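Engineer: Here's my sequence, what's the structure:
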Amino acid sequence: MADQVLPFRRYVSASLVALAPSAVALGALCWSGQLAGRPALIAFAGVAVATVFLVRRYLGSLASFARFVSELSDAQEPVMPRLSFAPATEELASAAATLAMGWRRQRASIDNLAASAQAIVDGLPDPLIALDRHRRVVRTNIAARALLGTIAAERDLSMTMRHPELLAAIDGLLETGLDGNFAGYDQTSVEIVLSGVPERDVIVHARRLPRAAADGSLALLVLHDTTALRRAERMRADFVANASHELKTPIAGLAGFIETLRGPAREDVAARDRFLGIMAEQAERMKRLVDDLLMLSRIEQHEHARPAGEVDLGNVLRGVQDLLQLKASARKVAVELDVEPSLPKAVGDYDELTIVFQNLIDNALKYAKPATTVRVTAKPLGDEYLSVAVSDEGDGIPAAHLPRLTERFYRVDNARSRALGGTGLGLAIVKHVVSRHRGRLDIQSVQGKGSTFTVTLPRVER
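Structural biologist: Reported below is the predicted structural model:
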């Protein structure tokens, strides 16, 4: 290790301090007459030369020691310097090296503990956010980043979660009194709704730690996703209400026909055959209704989980065309497909997308005028999406009805819809499937000219 270069003034000042006792002693001897002036000057000159030499070497040793300690503090591993002119300093350097080695081992242990703690936090299934006493984010886990996106550390929580009731609850959790002690409760829970497609119902459990952790964490937020539970509760309530309303009429009709067949029409063969035909139609209607309700319930239950498969929309549309060909021929309506040959694949579920386009094309066939064409056009939409448009040449839909078309059991014309075998659930099913695929459903209609239903879906990245 090279000697540390010291300022000249430091050498001069240190040498003067070291020479002061010798100068005082020689001066006293001269003043008392025990030593002549010339020998005293010669003696002082010799002492001065030796002192300057020794001071220079000693200060160099101290400089080397200072440099050694500085490099130790920078987590380096320098070579131990030889400090022969400062034995005590050499012992200090050895002690400092031992201390630095122990510190490095302790720091490595702390880093390992921190990494283990983060691994444990990342392994938790529920999102977790740690905050300091100023409501700034200290750390998050993988589940939190997946739910909320990347959350920058050292930023206020309000930059990520803008929910006044949650922020107020956390402020109450961290509030301190005049004596510096926490004044409020140490835990609380808040129900919030996270915006997005789809929206998520979340319960945030907030708890204050007894004291701040080493990283500054003082409050922990655990987010519990209750979307599926809330949706299940709503689905049960909606199912009972909708099913009872829609099944009431056909059940009442069946009960009436059965009573008639048991009574006045018991021996009337013609009436019995006619009634049995009507009963069969009502039973088929109830079957379609129950099937659609069950399908909608199943789709809603998994709406928050995005499918990850790759689907060839051309194959889906051709399969639906073959399935509905007989119905189209019976209504004298042509189904025309226009699918680009190089159409990229969509991200989604094959069976669910088949249901989407089967419902849309089936609706177009129901409401199209005879001797017209239902056109299905599939093409890329930018670099990230695909679009499939289903157009008919029907009577169109009044603009006032367009915003409510995807509601359950909403019908523009109840009598006509029931006569055509509709359950009022087809577009609701389409909406929920498209939402699960993170897509979009757009409806355009001109009265007297027809309607166009356009589904936009994410495409597979190249």
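
Engineer: And the strands in the stretch 351-462 of the chain, which stretches?
Structural biologist: With DSSP state E, counting those that start in this stretch as the criterion, the stretch 351-462 of the chain has strands at 373-381, 385-391, 440-446, 450-458.

Engineer: need the ones you listed in JSON lines with distance to residue 171, mean pLDDT and mean neighbour count, can you?
Structural biologist: Where C-beta positions appear, they are placed from N, C-alpha and C, glycine not excepted. Compiled in JSON lines, the strands of the stretch 351-462 of the chain are given as follows (distance: least, Cβ to Cβ, whole Å; pLDDT from 0 to 100; neighbours: other Cβ atoms under 10 Å):
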{"stretch": "strand 373-381", "distance to residue 171": "45", "mean pLDDT": "92", "mean neighbour count": "18"}
{"stretch": "strand 385-391", "distance to residue 171": "42", "mean pLDDT": "93", "mean neighbour count": "21"}
{"stretch": "strand 440-446", "distance to residue 171": "38", "mean pLDDT": "90", "mean neighbour count": "15"}
{"stretch": "strand 450-458", "distance to residue 171": "39", "mean pLDDT": "93", "mean neighbour count": "21"}
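
Engineer: Can you add distance to residue 150 and give the ones you listed back as a markdown table?
Structural biologist: As requested, the strands of the stretch 351-462 of the chain are exported to a markdown table (distance: least, Cβ to Cβ, whole Å):
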| stretch | distance to residue 150 |
| --- | --- |
| strand 373-381 | 28 |
| strand 385-391 | 24 |
| strand 440-446 | 25 |
| strand 450-458 | 21 |
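
Engineer: Show me the one of those that comes nearest residue 201.
Structural biologist: When the strands of the stretch 351-462 of the chain are compared by Cβ to Cβ, strand 440-446 sits nearest residue 201, at 22.4 Å.

Engineer: between the closest one and strand 385-391, how many degrees?
Structural biologist: Relative orientation of strand 440-446 versus strand 385-391 (axes from the mean of the first three to the mean of the last three Cα atoms, to 10 degrees): 30 degrees.

Engineer: Can you give the strand pairings for strand 440-446, parallel or anti for each?
Structural biologist: strand 450-458 (antiparallel) (DSSP bridges).

Engineer: these two touch, right, residue 253 and residue 275?
Structural biologist: No - here residue 253 does not reach residue 275: they are 9.8 Å apart, not a contact under Cβ atoms under 8 Å.

Engineer: Neighbour count for the two, which is higher?
Structural biologist: residue 275 (19 against 16; other Cβ atoms under 10 Å).

Engineer: Figure out the helix or strand that the more buried one lives in.
Structural biologist: helix 269-301 (DSSP states H and E).

Engineer: so after that helix, what's the next helix or strand?
Structural biologist: In N-to-C order, the element after helix 269-301 by DSSP H and E is strand 310-311.

Engineer: tell me the mean pLDDT for that next one?
Structural biologist: In this model, strand 310-311 has an average pLDDT of 91.

Engineer: In its sheet, which strands sit next to that strand, and in what direction?
Structural biologist: Applying DSSP bridges, one finds strand 310-311 paired with strand 346-347 (antiparallel).
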